[in-house]
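1. Can you look at this prediction? I've put the sequence above it.
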Amino acid sequence: MRILAIESSCDETAAAVVEDGRKVISSVVASQVEEHKLYGGVVPEIASRRHAEAVVGVTKQALEQARMDLKEVDALAVTYAPGLIGALLVGVNFVKGLKLSTGKPLIPVHHLRSHIAANYIAHPDLKPPFLCLVVSGGHSHIIQVEDYTKLKVIGRTRDDAAGEAFDKAARAMGMPYPGGIHMDEIAQRGDDSAFRFPHPRVDGAPYDFSFSGLKTAVINQIHNASQKGVELPVEDLAASFRKAVVDCLTDRFVKAARDTGAQKLVIAGGVSANRLLRSRLEEICRENGWRLFMPPLSLCGDNAAMVGAQAYYEYCVGKRAGLDLNACAAMSIEE
């Protein structure tokens, strides 16, 4: 089954053709990073306008790469939640137009489910059940994936997401957008024991995260040093902050794995590209005899291939949408 998938939840406009949830026939991504860099972050109105300008082009390109015509596609898929509402609406309404003109089935896909599904593309042998850490700019969840479409959240952030903390701390350190990527690079050259940062915990919720206090701690460190005219070593500051965030992520994830008896651990989302997170989890899984599955760097960020992968499994359980489909800015992955 070949599915044409569209992604427009944030600042990447993407289209892909995916076969049977595992094989990527084509994948095209148009990024807006350079434009949003001028503002230090994603500007929702600009993102929506750029999606509207790019969505037809990336779709045509994806079909051309697949050497297919629209009528040869078996179904259509689109990210409909969660994300920037204006950005989501561009993709949703575009695909509804394709459905109206072709009569093809329309499959609505949850953005975070898609991130998990990136691993199905990269690892043909990966099948549920498994435990997944989904970490991105807007989300930080620990999820029990019981089946392809049956998921249970057992841990989540109570405030900032890990990616948001990385980006805001990086901006305070003077790094350009997207800050998390630049921090990861700079931190490689620093001493991660140079600064001590808190490792917040949530009472009564052993798998939950809290990153706002950690973010505030590094911003205060920078502000206090600036008032005293002291220049902090950015490499050491970045390395210490990165270590604190990764410590929090791995501590909760490992505890959840031990408590649930999970043998297969998976990571997904933009922050899954973080070098320290990947190397730390490789080490932990090796020591515990767990299998670790990670997406390649090319599938960590937003793309439509992962949407097409998850769409196949949603289709298999009968999930369809009509022309009344609407976008939703916030939605649980369990729905």
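-> Happy to help now that I have it. Source: prediction; values computed, not measured. Numbers count the residues shown, from 1 in each chain.
2. Now do the buried residues in stretch 88-108.
-> In terms of neighbour count (16 or more other C-beta atoms under 10 Å), stretch 88-108 has its buried residues at 88-96, 98-99, 104-108. No exception for glycine: its C-beta is placed from N, CA and C like everyone else's.
3. quick one: the helices in the stretch 101-250 of the chain?
-> 111-122, 162-172, 179-187, 212-227, 234-260 (DSSP state H, counting those that start in this stretch).
4. Format these as CSV; extra columns: mean pLDDT, mean neighbour count and distance to residue 33.
-> Formatted as CSV, those follow (pLDDT from 0 to 100; neighbours: other C-beta atoms under 10 Å; distance: least, C-beta to C-beta, whole Å):
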stretch, mean pLDDT, mean neighbour count, distance to residue 33
helix 111-122, 98, 26, 18
helix 162-172, 95, 25, 12
helix 179-187, 95, 21, 9
helix 212-227, 95, 16, 22
helix 234-260, 98, 21, 20
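5. Minimum distance to residue 4: which of the ones you listed has it?
-> helix 111-122 (14.4 Å; C-beta to C-beta).
6. helices and strands around that closest one, which ones?
-> Identification of packing neighbours for helix 111-122 by 3 or more C-beta pairs under 8 Å, 6 or more residues apart in numbering; DSSP states H and E yields strand 75-81, strand 130-135, strand 140-147, strand 264-268, helix 305-316.
7. These: which one's closest to residue 236?
-> So among these, strand 130-135 is nearest, using C-beta to C-beta, at 23.5 Å.
8. any idea of the mean pLDDT for that closest one?
-> Mean pLDDT, computed over strand 130-135, is 98.
9. Run the angle between it and helix 162-172 for me.
-> Angle of strand 130-135 versus helix 162-172, following axes from the mean of the first three to the mean of the last three C-alpha atoms, to 10 degrees, is 30 degrees.
10. Mind giving me the packing neighbours of strand 130-135?
-> Looks like strand 130-135 contacts helix 111-122, strand 140-147, helix 234-260, strand 264-268 (3+ C-beta pairs under 8 Å, 6+ apart).
11. switch to 6 Å and redo it
-> helix 111-122, strand 140-147, strand 264-268 (3 or more C-beta pairs under 6 Å, 6 or more residues apart in numbering; DSSP states H and E).
12. got a markdown table for the ones you listed, with distance to residue 159 too?
-> Compiled in a markdown table, these are given as follows (distance: least, C-beta to C-beta, whole Å):
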| stretch | distance to residue 159 |
| --- | --- |
| helix 111-122 | 18 |
| strand 140-147 | 10 |
| strand 264-268 | 21 |
